[in-house]
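**Q** take this sequence and fold it.
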Amino acid sequence: MPSLDDIAAQVAGYDPDALPVAQAQAFIARLVPQVQAVESLALRSALGRVLARDIVSPIDVPSHDNSAMDGYALRAADLAADGDSLIGVAGTAFAGAQFRSAVAAGHGVRIMTGAVMPAGLDTVVPQEFTRAAPDGRICIPAGTVAAGDNRRLAGEDLARGAVALAAGRTITPADLGLLASLGQAEVPVFRRLRVAFFSTGDELRSIGEPLDAGCVYDSNRYTLWGMLQRLGVDPIDMGVVRDDPAALRQAFTQAAASADAVITSGGVSVGEADHTRQVMKELGEVLFWKIAMRPGRPMAIGRIGTRAAMLFGLPGNPVAVMVTFYALVRDALLAMSGATPQPLPLLRAVSTVALRKKPGRTEYQRGIVTPMADGRWQVQVTGAQGSGILRSMSQANGMVVLLHGQGTVAAGDLVDVIPFQGLV
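**A** Reported below is the predicted structural model:
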């Protein structure tokens, strides 16, 4: 396991007092370990879990050439080169039963969707494109079909021996259907990642407690719980921990002993009354960063406890907690879970207003994205963008991302937006 200093040496231009978001992401990607334990789950229990091994198809899907629609199976060679074709009907092929009779030249078979193609026949003409001839044959107008039309080939969806789903994939409803089509009753998945989290600060109160002067209700544990639920991990809520060395030491020790990762909010900036940084240093290998981003500048990163649980110390302001989680923690937890993290999708939207910005930091502004008459998207920020205004996140349906080297945006300029749909 490389030390934090070893990892820092691999990040070009590493500066903990002015760390660009991209460099922080690169550092964290090198730091986090992947969970190793694997369990086998019944198919329906595997939804949302991370696949631990490649699933190799034991069969061809479909297993035989079959018809893509209701109609008539025939030989393309029996179609007239010019003009309409007349084809005799030798019987009917149903899905789930193979048509075993020989089909003579000039004849075809009435066939249902999914039925196995009778031997020697290679093309299907849809029923609606045919008409009955007086002698009982069917008439196929010229140019209706070409050789091989409307026939699904064996193995066309998935060939025997091919990788159906790759390890690291988070299993979707469509994947359940694919696995079922292979006869896969159980699925090997990584065990769920355990993530402990708590808030620090003497001013915080839990819901149900009276608010003393200068105190606020803790919201960070609820946003963290929601974001962790979206990732499919096992969240462990350890409540609010007062700013006392003994209480913090106990909380960190318990969290590190029971979880793969520990997330805290508050206490990572420099402050006379904050003991969180001191206790983190005592119990683990921890770095304290000033990240070139807004909101969310202060952050702690490292390992803590005898089991070397990953530590993510986030700022205390509610919006900063959410922004730093999505910018820096989300992909790390996915990688630890065994998943292959995918970049968050970006929309290009027209900014309805000018956005002041100095190059040298990444900014995340909360916005409301709506469609324009010409089919493009536009985005309007949700008023005041202070890191303590959680309402700005609740009102928004996306985050405007102003990149590190980007300057002021004029009204009408295109900006990148991370949509919240499916994320928050």
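
**Q** show me the domain layout of this structure.
**A** Using automatic domain parsing, the domain parsing of the chain gives 4-37+191-336, 38-61+157-190, 66-152, 347-419.

**Q** mind putting those domains in a markdown table, mean pLDDT and mean neighbour count included?
**A** Any C-beta I mention is one placed from the backbone N, CA and C, and that applies to glycine too. Listed next are the domains of the chain as a markdown table, based on pLDDT from 0 to 100; neighbours: other CB atoms under 10 Å:
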| stretch | mean pLDDT | mean neighbour count |
| --- | --- | --- |
| domain 4-37+191-336 | 94 | 19 |
| domain 38-61+157-190 | 96 | 16 |
| domain 66-152 | 95 | 16 |
| domain 347-419 | 93 | 17 |
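
**Q** just checking, L328 touches M299?
**A** Yes. Contact criterion CB atoms under 8 Å: L328 and M299 qualify, at 7.0 Å.

**Q** need the residues touching each of those two.
**A** A24, I291, F312 (CB atoms under 8 Å, 6 or more residues apart in numbering).

**Q** I'd like those residues laid out as JSON lines, including distance to Q378 and secondary structure.
**A** Output for the shared contacts of L328 and M299, formatted as JSON lines (distance: CB to CB, whole Å; DSSP: H, G, I helix; E, B strand; the rest coil):
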{"residue": "A24", "distance to Q378": "30", "secondary structure": "helix"}
{"residue": "I291", "distance to Q378": "29", "secondary structure": "strand"}
{"residue": "F312", "distance to Q378": "34", "secondary structure": "strand"}
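
**Q** nearest to S101 among these?
**A** Checking the shared contacts of L328 and M299 against S101 with CB to CB, the nearest one is F312 at 68.4 Å.

**Q** how about the closest one, what does it touch?
**A** A261, V262, I263, T264, M299, A300, I301, L328, V329, A332 are the contacts of F312 under CB under 8 Å, 6+ apart.

**Q** tell me where this structure has helices.
**A** 4-10, 21-31, 173-181, 220-231, 245-258, 276-283, 318-324, 330-336, 391-395 (DSSP state H).

**Q** out of those, flag the one nearest A133.
**A** Here helix 173-181 is closest among the helices of the chain (CB to CB), at 39.3 Å.

**Q** got a list of contacts for the closest one?
**A** Against helix 173-181 from outside (CB under 8 Å, 6+ apart): 43-44, 46-47, 55, 61, 157-158, 164-165, 169, 171, 187.

**Q** D54 touches L165, doesn't it?
**A** Yes. Counting by CB under 8 Å, L165 is a contact partner of D54 at 7.1 Å.

**Q** from A81, how far off is G108?
**A** G108 sits 17 Å away from A81, taking CB to CB, to the nearest Å as the criterion.

**Q** ranges for the strands of the stretch 301-424 of the chain?
**A** 309-314, 347-351, 362-371, 377-381, 398-402, 414-419 (DSSP state E, counting those that start in this stretch).

**Q** of the ones you listed, which is nearest A256?
**A** A256 lies closest to strand 309-314 among the strands of the stretch 301-424 of the chain, at 4.1 Å (CB to CB).

**Q** still on that earlier bit, distance to D274 added to the strands of the stretch 301-424 of the chain, as CSV?
**A** Shown next, in CSV, are these (distance: least, CB to CB, whole Å):
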stretch, distance to D274
strand 309-314, 11
strand 347-351, 37
strand 362-371, 24
strand 377-381, 31
strand 398-402, 28
strand 414-419, 31
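
**Q** what's near enough to touch the closest residue to A115 other than its chain neighbours?
**A** Nearest residue to A115 in three dimensions, chain neighbours excluded: A93, at 4.3 Å (CB to CB, 6 or more residues apart in numbering). A93 makes contact with S67, A73, F99, V109, R110, I111, M112, A115, V116, M117, P118 under the criterion CB under 8 Å, 6+ apart.
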